[in-house]
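Fold the following and give me the result.
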Amino acid sequence: MKSRPFSALEGFYEAFKSQMFCAIAEANNLLANWTPTDGFLQLGVNTKRMWNADKNNFAPRLGFAWDIAGNGKTVVRGGGTVIYVTPTWWEFLSQQNQNDPVTGLGTNPSGFQICTPTVASGNCAPGPGTIAASGLSLSPAQVNWNQSAALYRGNIYPASSDTTQLKCGTDKLCTAQATNENLRSAYVMQWSLGIQRSITNNLSLSLDYVGNRADKLLGLEYTNTPQIGAGWTGTTGATPGLGGSGQLGTCFAVFNGTKKALGTACSPGVAGGSAIQLARPYAAQYPYLSYIYTVSNPFVSDYHGMQIALTQRNMHGLAYTIGYTWSHALDQSTGGRGGPSGSPFNQRLEYSSSEFDIRQRFTATVTYALPGRKGFGQTLEGWKVTSIVARQTALPWGVLGSRGSDPSGTGEFQDRWNFYGNVDDFSALGSQSVPFFSGNIKNAGGFVVPNASTSQFSGKTDTSASRFR
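Coordinates of the predicted model:
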């Protein structure tokens with residue numbers, strides 16, 4: 001059926017939708033938040049909700065199609081929409097694989113005893129809540145590797161019933177995971193504009209621009225992280241291999257580019273760890289807390305792409321679709337769980353190419369229906385041969401420091417390496433992993449250790465290849 005020429009509002013599709021995002025709850029009120037003003041806040045004890053409801057979510061949709069000449073040959077289509085993202089439970093209850101052993105609102109230690117100044121002093125008072133389950137930071141001496149019967153009743157780790165461990169103090173630091181009390185719903189704005197031309201009855205060509213912008217994406221923010229360099233003493237040397245002073249000078253003087261040197265010589269020592277704790281923003285108010293991360297809305301993402309498609313419908317048994325996309329995807333954190341990142345005090349520095357950014361992609365799908373012959377129960381009929389070809393540019397990549405490396409001196413172990421030199425030097429055409437250059441890396445070309453005295457670290461994905469693979 002042919003479309004008539006577009007006029008006035010004819011051809012528009014519009015829809016409007018609103019929704020409300022409420023806070024998570026639990027049947028037995030065993031959830032607790034943390035705020036700088038009030039400390040631990042447990043449901044049903046000293047708070048009514050984990051965060052305030054977001055009541056202003058408005059999601060309009062609008063689209064149109066315009067048959068320019070009214071003959072069905074050339075059509076312009078466009079549209080836009082706002083879609084709100086429904087978060088999953090694990091973003092609040094299962095934030096794992098980080099420095100903070102507390103994995104969510106269900107394990108904030110509101111029921112632990114708070115000891116001043118130390119647990120050893122015995123000067124302890126009950127916490128504000130009843131949650132007596134949490135992740136514990138145990139030193140090697142506190143782990144019963146030999147399963148001695150005198151400790152933890154022979155268990156390697158203390159049991160949840162062992163109340164002697166449910167204490168927080170400066171000699172037994174606890175952690176917390178907070179959620180922004182004014183958390184907002186993340187949303188995605190999508191839009192497109194394209195033109196399609198019918199070349200023959202079976203052949204058409206389309207050209208489209210597609211874009212989207214995601215805002216208020218959930219992620220972890222640093223709440224109790226000290227300033228960069230807090231754990232270090234002294235200065236670096238003027239050039240690689242030349243010592244400066246203090247721990248920092250020693251680290252950079254012996255750094256020779258090997259993985260062993262990086263893992264063993266570029267982290268503050270015990271004294272540095274104490275300095276890190278004392279330099280935390282809430283050390284005076286909450287001296288018994290170390291790592292605190294807050295689920296909030298710090299991240300954004302963008303995508304812009306040109307899409308071209310040539311489509312041949314079945315003609316004499318041959319059909320094909322040939323497509324080409326030229327695009328760029330950017331974000332601050334790729335995936336459903338963002339952070340912590342390598343830029344603790346300005347996460348906008350993390351805005352760079354997404355981990356799934358594919359700049360160029362070519363695809364071709366060709367199908368040919370083989371001529372059939374009657375007989376043999378139709379076994380010689382209906383056969384097709386299909387070929388699919390895909391070529392694309394490489395994904396970007398970056399390198400995050402190891403657990404043994406803390407050049408920023410913050411205790412976060414999220415430092416990113418800087419790169420220099422020819423991008424092509426980091427490619428092995430998919431046959432090998434990213435190379436590690438031995439020797440003095442600052443002169444060899446390749447990896448550069450970040451400067452502990454500044455926050456000028458590289459983005460999360462700053463290197464990629466531009467050729468097709």
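
can we go C-alpha only for contacts and neighbour counts from here?
Will do.

Who are the contact partners of residue 74?
Applying CA atoms under 8 Å, 6 or more residues apart in numbering to residue 74 gives the contacts 67, 68, 195, 196, 197, 198.

all helices of the stretch 301-450 of the chain, in order?
Along the stretch 301-450 of the chain, the segments classed as helices by DSSP state H, counting those that start in this stretch run 441-444.

Now do stretch 345-353, average pLDDT.
Averaging pLDDT along stretch 345-353 gives 84.

quick revisit: of the contacts of residue 74, buried ones?
67, 195, 196, 197 (16 or more other CA atoms under 10 Å).

Residue 351: which of the residues you listed is nearest?
Of all those, residue 195 has the smallest distance to residue 351: 31.7 Å, by CA to CA.

I'd like the next helix or strand past the host helix or strand of that closest one.
Element membership for residue 195 (DSSP states H and E) is strand 187-198. Heading C-terminal from strand 187-198, the first helix or strand you meet, by DSSP H and E, is strand 203-222.

how about a markdown table for the contacts of residue 74, with distance to residue 328 and pLDDT added?
Below are the contacts of residue 74 laid out as a markdown table (distance: CA to CA, whole Å; pLDDT from 0 to 100):
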| residue | distance to residue 328 | pLDDT |
| --- | --- | --- |
| 67 | 30 | 94 |
| 68 | 30 | 94 |
| 195 | 21 | 97 |
| 196 | 23 | 97 |
| 197 | 26 | 96 |
| 198 | 28 | 96 |
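
and residue 249, that one's in a helix?
Yes - remark: residue 249 belongs to a helix, assigned using DSSP: H, G, I helix; E, B strand; the rest coil.

That one and residue 267 touch, don't they?
No - taking contacts as CA atoms under 8 Å, residue 249 lies outside contact range of residue 267: 11.7 Å.

And those two? Which one has more around it.
Neighbours per residue, other CA atoms under 10 Å: of residue 249 and residue 267, the larger number sits with residue 267, 25 against 21.

wait, the more buried one sits on residue 409?
Yes - the pair residue 267 / residue 409 is scored as a contact, 6.9 Å apart, by CA under 8 Å.

so how far is residue 77 from residue 212?
Going from residue 212 to residue 77 by CA to CA, to the nearest Å gives 16 Å.

Same check on residue 22?
Between residue 22 and residue 77 the distance is 36 Å, computed by CA to CA.

what's the answer for residue 51, then?
Per CA to CA, residue 51 is found 41 Å from residue 77.

ditto for residue 383
From residue 383 to residue 77 the distance is 36 Å (CA to CA).

out of these two, which sits in the busier spot?
residue 77 (17 against 11).

Mind listing the residues bridging to the more buried one?
Counting by DSSP bridges, residue 77 is bridged to residue 65, residue 194.

Let's see the pLDDT reported for it.
At residue 77, the predicted lDDT confidence score is 96.

For it, give me its contacts.
For residue 77, the contacting residues are 63, 64, 65, 66, 192, 193, 194, 195, by CA under 8 Å, 6+ apart.

what residues are up against the fifth one?
Taking CA under 8 Å, 6+ apart as the definition of contact, the neighbours of residue 192 are 77, 78, 79, 80, 208, 209, 210, 211.

between those residues, which is nearest residue 335?
Looking across the contacts of residue 192 and measuring by CA to CA, the closest to residue 335 is residue 211, at 18.6 Å.

Run a quick neighbour tally on the closest one.
Neighbours of residue 211 (other CA under 10 Å): 19.

In space, what's closest to it - neighbours in sequence excluded?
residue 304 (4.5 Å; CA to CA, 6 or more residues apart in numbering).

Neighbours of that neighbour, how many?
By other CA under 10 Å, 17 other residues sit near residue 304.

Residue 212 is in contact with residue 300, isn't it?
No - judged on CA under 8 Å, residue 212 makes no contact with residue 300 at a distance of 10.7 Å.

List phi and psi for residue 277.
Dihedral angles of residue 277 (phi, psi; degrees, to the nearest 10) stand at phi -60, psi -40.

okay but it is in contact with residue 292, surely?
No - using CA under 8 Å, residue 277 is not in contact with residue 292; the gap is 11.9 Å.

Look at those two and report which has more neighbours.
residue 277 (25 against 22).

How about the contacts made by the more buried one?
So residue 277 contacts 226, 283, 290 (CA under 8 Å, 6+ apart).

Residue 23 now?
Neighbour list for residue 23: 49, 50, 51, 52, 53 [criterion: CA under 8 Å, 6+ apart].

does it sit in a helix, a strand or a coil?
Taking three-state DSSP, the label given to residue 23 is coil.

where's the strand or helix carrying residue 57 relative to the chain centroid, distance-wise?
For residue 57, the element it lies in under DSSP H and E is strand 54-67. Distance of strand 54-67 from the chain centroid (CA atoms, centre = their mean, to the nearest Å) equals 28 Å.
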